[in-house]
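Novice: here is my input; please provide its structure:
(chains A, B, C and D)
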2 protein chains.
Amino acid sequence: MATLADVARLAGVSPATVSRIINGSSKPVAEALRERVLAAVEELQYVPNAHAQLLARSHRSTIGVIVHDVSDPYFAEITRGLQRVATENGRLVIICNSYRNPDRELEYVELLRAHQVAAIILAGSGYHDDAFTAKMNGKLRVYQATGGRTVVIGRHDHVGDAVVPDNEKGGYLLGAELYALGHRRFGVIAGPEQMTTTTDRLAGLRRGAREHGLRLPARRIAYGDFDRASGMTAAAALLDAEPKLTAIAALNDSMAIGALALLRSRGIAVPDEVSVVGFDDMPIASDVTPTLTTIRLPLADMGACAVTLALQSAEGDDAPRIVQVGAELIRRESAGPARR
Amino acid sequence: MATLADVARLAGVSPATVSRIINGSSKPVAEALRERVLAAVEELQYVPNAHAQLLARSHRSTIGVIVHDVSDPYFAEITRGLQRVATENGRLVIICNSYRNPDRELEYVELLRAHQVAAIILAGSGYHDDAFTAKMNGKLRVYQATGGRTVVIGRHDHVGDAVVPDNEKGGYLLGAELYALGHRRFGVIAGPEQMTTTTDRLAGLRRGAREHGLRLPARRIAYGDFDRASGMTAAAALLDAEPKLTAIAALNDSMAIGALALLRSRGIAVPDEVSVVGFDDMPIASDVTPTLTTIRLPLADMGACAVTLALQSAEGDDAPRIVQVGAELIRRESAGPARR
DNA sequence: CCTTTCTAGGTAAGCGCTTTCCCGATTTAC
DNA sequence: GTAAATCGGGAAAGCGCTTACCTAGAAAGG
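Specialist: Sure thing, here's the model as predicted:
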């Protein structure tokens, strides 16, 4: 690999001059030298060693992101927004997949710190797990103490800035729609029990129930993994436990699609016999049949917002900034009036 | 940020010793010292500076990947496979989105080179553009000359190892299915004209046509962008130009889904009036209605394979290794016998 | 014409780590 | 008992770059 020194030698100048020319330093350099150096750079196909640069200047420029899984549409959307803003600001993004493994998340924070990232963005739901939260906060605080910025997307209980979707409101809207359509007995396919996303969305659903003098009994809640397969399983369990359910509310679209598949396989018409609603409004939601009534979250915007927060250095004041983003009901075909 | 020297000072040993303990060097270290050092590491929450490590050892460990867009399901799948193998081997992956912009691809190769990645993986179709190919090959060759490994996924014309899906065969299988169902006049929604993926898949379709003594006239080919929206537009154009089409073959699933949406909006029954087939077999393909007949490509495996190739240092012999992966027809509901 | 002030460019000191080489202290062997 | 081998640990030389700081020559001022 050609080095700065090689370029300097070939151009017959000092390394400092080459560095200045390459980095467009404020120090003026004679045109003749500049051309010689640029020619040498071209000839040697020289590219500065990013690690050496990072060591030499204290400037940290890349951004680390920890998501559950980039290939999951939910995170893919968030990531898209992240990437856009990061690229606009000339930042490189390192993406780490934790596959919902808390230990791996902790490791990744360490790894990103080792890589001297300018900011760490934790995307995805948090866990209701005090031991984990404490450990994570400890690591984040150490990182912040050395000037690192942290932003969490959709979590509570973590130090630093946050972008949080209004999951509770989304849950409430979902319930309101179902009640408005006359549904009184509906099943809920929830996500993993200890995730905050699950509990928040459920809380919204419960608030709606209370307003109608109803409750969400445990037998009408089945816990899945936020993926299609578990949506099928959960829908089956719900229906088996209570065949007279008039609707199923899934706490994300993947599981709603699983429920749709299960209903189709049992020959149950949607929405004529059973209504189904989802959550997130992933792009597919309007391509499944029937198209999915769901709650839209501005995922890409949330990603973009997180980077923006990360890049604005907290101006002196240390109060963590929290950006709340809304949730909106999208009416499509999968939910209709209660029939039976 | 605590440094190695800080740890050494706190533990009362030399930096060398700390380094040896942290890296599990082969050199033995007394148990007492080890414990003191580990305690100091814990106390200072020390994490070695990855850039300094990379500078000091010549070992390069991370892998760079250039894709069109990670949030596109096609690349998300490939990336998933990539990540799995990379993580298994303790490699970090840097993902760069080129958004199908050739210049950006070139820049990213430079950037990855600057970051001293162990390998560069170029995922996604190539372009039929000699100037670009030449430039890219130049850069890749320079990188290889300094020990960098390169793997391309689904491209031709690039130096280095390659994992190529059999797009031509896939196209052929798609055509064969349509002909077997009695379709003689079908439209094709192709991807961008200058992408090799497009031309390869079209070539397969053409081969099938020839075997039936037919041809693919230009008016039955509409070019899209491999996304849903362009699939709708293209389907509309095709149908407007020739209302008697009995089938539409889209060269990827997103566009097929767009075609499905367009047909639904026009009240044309699929597959009763018009059949639709896709390509790639993305997860959604079995959730749309009707479920999509398509060609399955083992995307995650391709990603995994690329990393595997990248990690096996070419054993002396410089012949680029090419791994062909198959394509397979998946019959679902969207294609039926020709009716009109 | 000599001193002073700019300049453009070079010199060298790190950035934080790894690793070779070396040294003093034990062991082991003769 | 001495020479040789062994072993744990430290000193120091980089890795490739940036950036004060410095210097020689030119421009400016008197």
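
Novice: for the helix or strand containing residue A:137, which helices and strands make contact with it?
Specialist: Using DSSP states H and E, residue A:137 falls within helix A:130-145. Where contact means 3 or more CB pairs under 8 Å, 6 or more residues apart in numbering or on different chains; DSSP states H and E, helix A:130-145 is packed against helix A:102-114, strand A:149-153. C-betas here are computed from N, CA, C, even on glycine.

Novice: and among those, the most buried is which?
Specialist: Comparing the helices and strands packed on helix A:130-145 by mean neighbour count (mean count of other CB atoms under 10 Å in any protein chain shown), strand A:149-153 ranks first with a mean of 26.

Novice: any part of the lowest-mean-pLDDT helix or strand in chain A near chain B?
Specialist: In chain A, no helix or strand scores lower on mean pLDDT, DSSP states H and E than strand A:93-97, which sits at a mean of 87. Yes - Strand A:93-97 reaches chain B (CB under 8 Å from any CB of the partner chain) through A:93, A:94, A:95, A:97.

Novice: spell out the residue ranges of the strands in chain A.
Specialist: A:63-67, A:93-97, A:119-123, A:149-153, A:161-165, A:186-190, A:221-223, A:247-250, A:275-277, A:294-296, A:322-325, A:328-330 (DSSP state E).

Novice: separation between residue A:38 and residue A:22?
Specialist: Separation of residue A:38 from residue A:22 (CB to CB, to the nearest Å): 9 Å.

Novice: for residue A:309, same thing?
Specialist: Distance of residue A:309 to residue A:22, computed by CB to CB: 32 Å.

Novice: with residue A:237 instead?
Specialist: 63 Å.

Novice: show me what contacts the residue nearest to residue A:94 when sequence neighbours are not counted?
Specialist: Of all residues not flanking residue A:94 in the chain, residue A:64 sits nearest, at 4.8 Å (CB to CB, 6 or more residues apart in numbering or on different chains). Taking CB atoms under 8 Å, 6 or more residues apart in numbering or on different chains as the criterion, residue A:64 is in contact with A:93, A:94, A:96, A:108, A:112, A:115, A:117, A:119, A:120, A:121.

Novice: end-to-end on stretch A:264-274?
Specialist: End-to-end distance for stretch A:264-274: 11 Å, by CA to CA, to the nearest Å.

Novice: now do the buried residues in that stretch.
Specialist: For stretch A:264-274, a neighbour-count test (16 or more other CB atoms under 10 Å in any protein chain shown) marks A:268, A:270, A:271, A:273, A:274 as buried.

Novice: which among those residues gets closest to DNA strand D?
Specialist: Closest approach to DNA strand D among the buried residues of stretch A:264-274 (CB to the nearest atom of the strand): residue A:270, at 60.0 Å.

Novice: my guess is the closest one contacts residue A:293, does it?
Specialist: No - between residue A:270 and residue A:293 there is no contact under CB atoms under 8 Å: 10.3 Å.

Novice: overlap in contacts of these two?
Specialist: By CB under 8 Å, 6+ apart, residue A:270 and residue A:293 have these common neighbours: A:276, A:334.

Novice: just grab the bridge partners of the residue nearest to residue A:94 for me.
Specialist: Beta-bridge partners for residue A:64, by DSSP bridges, are residue A:94, residue A:120.

Novice: and it, what's its pLDDT?
Specialist: pLDDT recorded at residue A:64 is 94.

Novice: wait, what's in contact with the closest residue to residue A:158 other than its chain neighbours?
Specialist: Nearest in space to residue A:158, with sequence neighbours left out and distances taken as CB to CB, 6+ apart, is residue A:152 at 4.6 Å. The neighbours of residue A:152, taking CB under 8 Å, 6+ apart as the test, are A:121, A:122, A:123, A:126, A:158, A:160, A:161, A:162, A:163.

Novice: between residue A:309 and residue A:22, which has more neighbouring residues?
Specialist: residue A:309 (24 against 17; other CB atoms under 10 Å in any protein chain shown).

Novice: quick check, central residue of chain A?
Specialist: In chain A, the C-alpha nearest the mean C-alpha coordinate belongs to residue A:123, at 3.9 Å (CA atoms, centre = their mean).

Novice: that residue and residue A:99, how far apart?
Specialist: 13 Å.

Novice: so what sits against both of those two?
Specialist: Residues touching both residue A:123 and residue A:99 (CB under 8 Å, 6+ apart): residue A:68.

Novice: flag every buried residue along stretch A:14-24.
Specialist: Across stretch A:14-24, burial judged by 16+ other CB under 10 Å covers A:17, A:18, A:19, A:20, A:21, A:22.

Novice: is that stretch up against chain B anywhere?
Specialist: No - interface with chain B: stretch A:14-24 contributes nothing (CB under 8 Å from any CB), its closest point being 11.4 Å away.

Novice: ok, that stretch near DNA strand D or not?
Specialist: Yes - on the criterion CB under 7 Å from any atom of the strand, stretch A:14-24 is in touch with DNA strand D at A:15, A:16, A:19, A:20, A:22, A:23.

Novice: quick check: mean pLDDT across stretch A:122-132?
Specialist: Stretch A:122-132 shows a mean pLDDT of 89.

Novice: quick one on the thing from earlier: could the helices and strands packed on helix A:130-145 go into TSV alongside mean pLDDT and distance to DNA strand D?
Specialist: Below are the helices and strands packed on helix A:130-145 laid out as TSV (pLDDT from 0 to 100; distance: least, CB to the nearest atom of the strand, whole Å):
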stretch	mean pLDDT	distance to DNA strand D
helix A:102-114	93	16
strand A:149-153	94	20
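
Novice: for residue A:49, which residues are in contact?
Specialist: Applying CB under 8 Å, 6+ apart, one finds that residue A:49 lies in contact with A:1, A:3, B:55, B:114, B:116.

Novice: tell me the one of the residues you listed nearest residue A:147?
Specialist: Of all those, residue A:147 sits closest to residue B:55, with 21.0 Å by CB to CB.
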